[in-house]
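# I need the structure of the sequence given here:
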Amino acid sequence: MNDPRRLNKLPSKDQLIMGLHAISEVLQHTPERLLKIFTVPSKSSQERKSSLLIDCEKRGVPIQYVSFDMLTKMAGSDSHQSFVAQLKSRKFYDIAEFLNETGNQERCLVLMLSEIFDPQNFGAILRSAECFGVDGVVWSKNRGCDLTPMVAKASSGASELLRLIRISNLADALDKLKEADFEVVAAVAEPQALPLNQFRYSPKTILIVGSEGEGIQQLLRKKADRSLYIPTKGQIQSLNVAQATAVLLSRWD
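Take a look at the predicted model:
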């Protein structure tokens with residue numbers, strides 16, 4: 001067993017995911033990306049934890065035992081459930097690569113995130129995107145949350161299954177996608193916006209969602225072809241961005 005107090009060099013956070021469910025999803029769908037599992041030594045591991053380690057051993061994934069505090073330092077959070085995994089580097093697409101890979105599809109949905117800084121919301125949005133069949137998620141590496149172990153955990157592993165398009169200029173990306181016959185739809189309550197129950201997605205759509213505070217960047221809103229909103233009936237008049245995104249994506253078929 002490795003000395004649980006020592007780890008010569010910490011992996012970079014963009015190579016790490018944490019939490020049982022997120023790691024299990026990668027192990028099930030893309031096991032070749034797993035480089036190493038870090039966990040805390042325990043004589044009384046729960047059955048689910050033991051099962052994960054057994055599966056990793058069967059697949060030849062190295063397991064290193066470290067202290068709980070070391071896991072927290074690696075993940076930047078103490079909500080790792082005693083499990084952190086190091087992965088091969090993720091592939092980030094640019095717009096040209098994405099269009100080349102999806103160009104023959106009759107239907108294609110791109111989700112664009114504007115100024116989403118909260119890692120829990122970001123992760124929850126990625127989870128919904130994977131569940132509802134989004135073909136690619138676009139966000140700015142300069143104006144939003146980046147992928148972290150906390151985001152990966154909140155996404156339940158969806159961050160490792162989606163096409164991720166992390167770029168600098170969202171407005172430029174919109175222009176390129178519009179040239180490829182995508183319709184741009186902004187999720188924003190404004191006078192000309194359609195209620196969701198009257199809205200139908202075009203075969204190729206970019207859906208833009210924004211943070212609760214700042215909303216969608218004005219430049220991006222100006223490039224939208226249509227806008228839509230979610231009608232509500234309760235006294236609380238709005239959903240948070242992760243909840244709203246799940247509702248909007250549920251209408252994609």
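
# Okay, now the unreliable bits of the stretch 1-150 of the chain?
In the predicted model of the stretch 1-150 of the chain, residues 1-9, 13-14, 43-49 satisfy pLDDT under 70.

# now the strands for it?
Using DSSP state E, counting those that start in this stretch, the strands assigned to the stretch 1-150 of the chain run over residues 16-18, 34-39, 63-65, 83-87, 108-114, 136-140.

# will you turn those strands into a markdown table that also has distance to Cys56 and mean neighbour count?
In this view, the C-beta of every residue, glycine as well, is placed from N, C-alpha and C. Listed next are the strands of the stretch 1-150 of the chain as a markdown table, based on distance: least, CB to CB, whole Å; neighbours: other CB atoms under 10 Å:
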| stretch | distance to Cys56 | mean neighbour count |
| --- | --- | --- |
| strand 16-18 | 14 | 27 |
| strand 34-39 | 5 | 20 |
| strand 63-65 | 6 | 15 |
| strand 83-87 | 9 | 24 |
| strand 108-114 | 32 | 25 |
| strand 136-140 | 28 | 23 |
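
# got any ranges where the stretch 151-253 of the chain has weak pLDDT?
Low-confidence segments of the stretch 151-253 of the chain (pLDDT under 70): 212-214, 235-237.

# Apply 80 and report the result again.
Within the stretch 151-253 of the chain, the ranges that satisfy pLDDT under 80 run 191, 211-215, 234-238.

# can you give me the helices in it?
Assigned by DSSP state H, counting those that start in this stretch, the stretch 151-253 of the chain shows helices spanning 170-179, 218-222, 241-249.

# and Gly210, which of the strands of the stretch 1-150 of the chain is closest to it?
strand 108-114 (4.1 Å; CB to CB).

# So which residues make contact with the closest one?
Applying CB atoms under 8 Å, 6 or more residues apart in numbering, the external contacts of strand 108-114 come out as 98, 102, 122, 125, 129, 133-140, 143-144, 165, 170, 173-174, 177, 182, 201, 203-211, 214-217, 220, 245, 249, 252.

# Of the residues you listed, grab the buried ones for PyMOL.
A single PyMOL command selects the buried members of the contacts of strand 108-114 (16 or more other CB atoms under 10 Å):
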select buried, resi 98+102+122+125+129+134+135+136+137+138+139+140+143+144+165+170+173+174+177+182+201+204+205+206+207+208+209+210+211+215+216+217+220+245+249+252
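
# Among the helices of the stretch 151-253 of the chain, which comes closest to His80?
helix 241-249 (21.0 Å).

# hmm, back to that, export the strands of the stretch 1-150 of the chain to TSV and tack on distance to Ala186?
Below are these laid out as TSV (distance: least, CB to CB, whole Å):
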stretch	distance to Ala186
strand 16-18	31
strand 34-39	38
strand 63-65	46
strand 83-87	33
strand 108-114	9
strand 136-140	14
